[in-house]
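**Student:** my questions concern the predicted model and sequence given below.
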Amino acid sequence: MQHKIYLDNNATTALHAKVIERFYQLLQIFGNASSMHSFGRAAKTELDSARAKIAELISASSPDEIIFTSGGTESDNLAVIGVAEQLRSKGNHIITSAIEHPAVMSTCNYLMKRGYEITYLPVDHTGLINPKDLEKALTPNTILVSIMLANNEIGTVQPITELSAITKKHKVLFHTDAVQAMGKIPVNVQTLGVDLLSLSGHKFHGPKGVGVLYVRKGLKLAPQMHGGKQEQGMRSGTYNVPGIASMALALSLAVDEIKSETTRQTMLREKLFKGLEKNIPEIQRNGHAEKCLPNTLNVTFKYIEGESMLLRLDHDGIAVSTGSACASGSLDPSHVLLALGLPHELAHGSIRFSLSRETKEADIEYTIEKVAEVVKTLRAMSPLYNSLTPSSSPSPGGEGAGR
Ligand SMILES: *Cc1c(COP(=O)(O)O)cnc(C)c1O
């Protein structure tokens, strides 16, 4: 049987079957939601109900706090640059972390070249930020803190409530990239205490190219898109009604399942790690064992290269990630793993397994078996591994390499 096992759900997820069905229906509602005639009003009805639903699902105090965007990247850019430009007269200092997604990190780098000062908070070996470091980094010039809720590569979940309590004392705005957390752990803007929060449809079985920026009432952002003044002037552009309304459905389906899926996926993730640990020597788990997304497992396999492993697993029908999404084609090791303190060679030998509602127990069993085979083969070809492990047999095929 041809296996097709998708364990790269932190990169993107498959559309939920109900979302596909709804999306098709919505494609017929083609009116411009800003038009006053019946075609426009039909689209506006869908838009309004999606906005209200999403506001409710993240406990926003009003639907007006939901701004629709083209996805997580745009939401992050609008939050960071929008605040930076809006509050330029108040200060030029932004605090973020060393493990942010490129959508925040590159945006901060861009602002740095334009005269802003950026502080990148370090993380400990599990990926956690120390709240004391945030307190120390604040200056009278600080206008924004942007720290992700859950990391996409290692799954570590930050203590956002505690961190935002610190910025509140200093009257500094707080943005969190919740793209990876949404639909996997509870997300409540009130308990998190954040002013801005980013979401993306395709990370919770919704469509690609649509996202949300939650903007707390009263807060104004410098627009990054200029035009028809949709979204209170903060984000111009004709509404993607099918995308927005099916994203709202995907979100509500995901939130409904959080409890049961957390239990199920945590069990599968632990089964995966225990199985790998039992069958493969010299591996290590990256990230925090408890303060972690239920679906994410990042593992370093010493003495091998993640890319070689990814390609061999793909051949066996298993899709995983090396963590560093090399969109640029560069083979630089993941900045997240380096920030945890992993040396380059270990960062290079790391694989991210990310599960979803569609992952079955049999998928995990097959994955354990195949990963063990692939690691054994690759290590047998590694002169370094063979020279460092005296127990390993030098015979071709290297069957003695570990076990
Ligand atoms: C995927 C992701 C993004 C980018 O979202 P897109 O909708 O793909 O632009 C941003 N932040 C995190 C943490 C992500 O995982």
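**Tutor:** Nice, I can see it. Residues are numbered from 1 along each chain as shown.
**Student:** CA only for contacts and neighbour counts going forward, please
**Tutor:** Fine.
**Student:** gap between residue 294 and the ligand?
**Tutor:** Separation of residue 294 from the ligand (C-alpha to the nearest ligand atom, to the nearest Å) stands at 15 Å.
**Student:** what's the burial count for that residue?
**Tutor:** Look at residue 294: counted by other C-alpha atoms under 10 Å, it has 27 neighbours.
**Student:** right, and it touches residue 258 too?
**Tutor:** No - with contact taken as C-alpha atoms under 8 Å, residue 294 and residue 258 are classed as non-touching, separated by 9.8 Å.
**Student:** now the common contact residues for these two.
**Tutor:** residue 184 (C-alpha atoms under 8 Å, 6 or more residues apart in numbering).
**Student:** state the number of residues packed around the nearest residue to residue 58 once chain neighbours are set aside.
**Tutor:** Nearest in space to residue 58, with sequence neighbours left out and distances taken as C-alpha to C-alpha, 6 or more residues apart in numbering, is residue 188 at 4.7 Å. Applying other C-alpha under 10 Å, we find 17 other residues in the vicinity of residue 188.
**Student:** any idea how far residue 28 is from residue 188?
**Tutor:** Separation of residue 188 from residue 28 (C-alpha to C-alpha, to the nearest Å): 33 Å.
**Student:** got it, and residue 84?
**Tutor:** Applying C-alpha to C-alpha to residue 84 and residue 28 gives a distance of 39 Å.
**Student:** neighbour count: the two, which is higher?
**Tutor:** Relative neighbour count places residue 84 above the other of residue 84 and residue 28, with 24 against 10, counting by other C-alpha under 10 Å.
**Student:** pLDDT score for the more buried one?
**Tutor:** Confidence per residue is given as pLDDT, and for residue 84 that number is 98.
**Student:** for the one 3 residues further on, same thing?
**Tutor:** For residue 87, the pLDDT comes out at 98.
**Student:** tell me the contacts of residue 313?
**Tutor:** Residues in contact with residue 313 (C-alpha under 8 Å, 6+ apart) are 319, 320, 370, 371, 374.
**Student:** mind jotting down where the strands sit in the chain?
**Tutor:** Counting by DSSP state E, the chain forms strands over residues 5-6, 66-69, 93-97, 117-121, 142-146, 173-177, 196-200, 211-215, 283-286, 296-301, 318-319, 350-354, given from the N-terminal end onward.
**Student:** the residue nearest to residue 58 against residue 59, yeah?
**Tutor:** Yes - with the criterion set as C-alpha under 8 Å, residue 188 and residue 59 qualify as a contacting pair; they are 5.4 Å apart.
**Student:** how about the contacts made by residue 142?
**Tutor:** For residue 142, the set of contacting residues under the criterion of C-alpha under 8 Å, 6+ apart consists of 91, 92, 93, 94, 95, 172.
**Student:** which of those count as buried?
**Tutor:** 91, 92, 93, 94, 95, 172 (16 or more other C-alpha atoms under 10 Å).
**Student:** which one among these gets closest to the ligand?
**Tutor:** Nearest to the ligand among these: residue 95, at 16.7 Å, using C-alpha to the nearest ligand atom.
**Student:** beta partners for that closest one?
**Tutor:** Listed beta-bridge partners, residue 95: residue 119, residue 145 (assigned using DSSP bridges).
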